[in-house]
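1. For reference, the sequence and a predicted model appear below.
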Amino acid sequence: MTPPRLPLVERLSRHVRQTRTCWLWTGGKISTGYGAIRVKGKNILVHRLSYELHVGHPVPKGVCVLHRCDVRNCVNPEHLFLGSKADNVHDMDSKGRRVNGQLRGEHVATAKVTTEMVREMRRRASLGETAKTLMADYPMIGHSNIWMIITGKTWRHVT
């Protein structure tokens, strides 16, 4: 016979070290660095669980739990607040936390074009060439990507 599981609040608190400000999760983490705990066969992010347990209501599906303190493994409910995915991205960008937030254009590891190539494509498009005709010189880029580059939908930071 398996022993009964501890209540979630106790399971959570067993792996928390309280500092002067943050409550730091010391248990398991997923690849993104956020703490996780297994509940009913699923990994649950502990900052979401802490919010639910301490605030007293579930986090609606699709809603993010954001950190005021910007410490990924903090589960202090006073540091947590709800927001949309857009709020989360804005919060990350405004605080300079997003890993790819500063990586644009050719600095992104998967980029297939350079700033110089973008400028040349746009120059030629301004002279009347189409995305279809540009494809001959840029076979590694699809038609729709060339169109998005020359119309400024992507690579907006290049003038």
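-> Cool, got the structure.
2. Tell me who's in contact with Ile141.
-> Lys112, Val113, Met135, Ile149 (CB atoms under 8 Å, 6 or more residues apart in numbering). Yep, even glycine has a C-beta here, placed from its N, CA and C like the rest.
3. what number of residues lie near Val75?
-> 29 (other CB atoms under 10 Å).
4. actually Val55, not the one I typed
-> Residues near Val55, counting by other CB under 10 Å, number 14.
5. Likewise for Glu120?
-> Look at Glu120: counted by other CB under 10 Å, it has 15 neighbours.
6. Against Leu134, how distant is it?
-> Distance of Glu120 to Leu134, computed by CB to CB, to the nearest Å: 9 Å.
7. buried stuff in the longest helix seen in the chain?
-> The helix that spans the most residues within the chain, counting by DSSP state H, is helix 115-126. Within helix 115-126, the residues that qualify as buried are Thr115, Met117, Val118, Met121, Arg122, Ala125, counting by 16 or more other CB atoms under 10 Å.
8. could you list every residue that touches the third one?
-> In this case it means Val118. Counting by CB under 8 Å, 6+ apart, Val118 makes contact with Gly105, Ile149, Trp155, Val158.
9. Pull out the buried residues from those.
-> By neighbour count, with 16+ other CB under 10 Å, those hold Ile149, Trp155, Val158 as buried.
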